[in-house]
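Undergrad: I would like the atomic coordinates for the input below:
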Amino acid sequence: QVQLVESGGGLVQAGGSLRLSCVASGEISGVQYMAWYRQAPGKQRELVARIWSSGNTEYADFVKGRFTISRDKSKNTAYVQIHILKFEDTAVYYCKSQRINDPTQYWGQGTQVTVSS
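TA: Residues are numbered from 1 along each chain as shown. Below is the predicted model:
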């Protein structure tokens, strides 16, 4: 199994920046990707960004250059940097991972990001 723990959320003013962290532990060999999702109140959970084991990245269309996903392999940690925070970025941000040849999807407990106007 893979355990994921997110951190870095909080209350931020609109226009500010934030960096979220996701630390992976457990059976992390063979991790295919690490991804960030978010879920706003009353809305479905949606993909924000993903970084593959190759280092390739992908982003949701709404990111529009404000989000940057990265990783530090030595720390088994993935990050997402969010710039120019908007009120609509308010959501619980979740980390997700999956191992190669393993259909199990691993999720963290989430970290709340609240953007104030």
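Undergrad: what separates Cys95 from Phe87, distance-wise?
TA: 23 Å (CB to CB, to the nearest Å). The C-beta positions use only the backbone N, C-alpha and C, and glycine is treated the same way.
Undergrad: Give me the more crowded residue out of those two.
TA: Remark: of Cys95 and Phe87, Cys95 carries more neighbours, 26 against 10, as counted by other CB atoms under 10 Å.
Undergrad: For the more buried one, list the residues it contacts.
TA: Counting by CB atoms under 8 Å, 6 or more residues apart in numbering, Cys95 makes contact with 4-6, 22, 24, 34-37, 78, 107-108.
Undergrad: burial of the spatially closest residue to Ile84 that is not a sequence neighbour, as a residue count?
TA: Leaving aside its chain neighbours, Ile84 sits nearest to Arg66 (5.3 Å; criterion: CB to CB, 6 or more residues apart in numbering). The burial count assigned to Arg66 is 15, neighbours taken as other CB under 10 Å.
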